[in-house]
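Trainee: kindly generate the corresponding structure for this input.
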Amino acid sequence: MIVLKISNASEVVASKVGRFLERLTPDAIDQNAVEDQVIKKLVENLAAEGIKGEIAAVQGVDFNGEELSLHDGLKVRKQASF
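Mentor: Below is the predicted model of the structure:
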């Protein structure tokens, strides 16, 4: 299993739509938008390589270094198979 944490979602959104619009959107929306695009591209690239599996954006999981934390309200926000 691979876990991917995107730590600069706001900066990515700002670079695409501009700082002003990024400030108007909540960080959670920025995070979700970037995660959705990453999932889309990963599915396309992995499927093109013939790799089969599933990918999910999960809320309520965090990691820092080698420590993984599960929080209340753990849920799958988005899932895709490839």
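
Trainee: name the SS class of Gly50, please.
Mentor: Classification of Gly50 by DSSP: H, G, I helix; E, B strand; the rest coil places it in coil.

Trainee: distance of it relative to Phe82?
Mentor: 10 Å (CB to CB, to the nearest Å). For every residue, glycine as well, the C-beta is placed using N, CA and C.

Trainee: who's more crowded, those two?
Mentor: Phe82 (16 against 6; other CB atoms under 10 Å).

Trainee: phi and psi next, for Gly65.
Mentor: Backbone torsions for Gly65, taken as degrees, to the nearest 10, come to phi 70, psi -120.

Trainee: count the residues that sit near Lys52.
Mentor: 8.

Trainee: so it sits right up against Val43, yeah?
Mentor: No - checked against CB atoms under 8 Å, the pair Lys52 and Val43 is beyond contact range at 10.8 Å.

Trainee: give me the common contacts of the two.
Mentor: Phe82 (CB atoms under 8 Å, 6 or more residues apart in numbering).

Trainee: how about the helices in this protein?
Mentor: Ranges of helices within the chain are 9-17, 19-24, 27-48, based on DSSP state H.

Trainee: mind giving me the packing neighbours of the longest one?
Mentor: Identification of packing neighbours for helix 27-48 by 3 or more CB pairs under 8 Å, 6 or more residues apart in numbering; DSSP states H and E yields helix 9-17, strand 54-64, strand 67-81.

Trainee: okay, those, which one's buried deepest?
Mentor: Greatest average neighbour count among those goes to helix 9-17 (a mean of 16), per mean count of other CB atoms under 10 Å.

Trainee: packing partners for that helix?
Mentor: helix 19-24, helix 27-48.

Trainee: distance to Ile2 and mean neighbour count added to the ones you listed, as a markdown table?
Mentor: Below are the helices and strands packed on helix 9-17 laid out as a markdown table (distance: least, CB to CB, whole Å; neighbours: other CB atoms under 10 Å):
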| stretch | distance to Ile2 | mean neighbour count |
| --- | --- | --- |
| helix 19-24 | 28 | 11 |
| helix 27-48 | 10 | 15 |
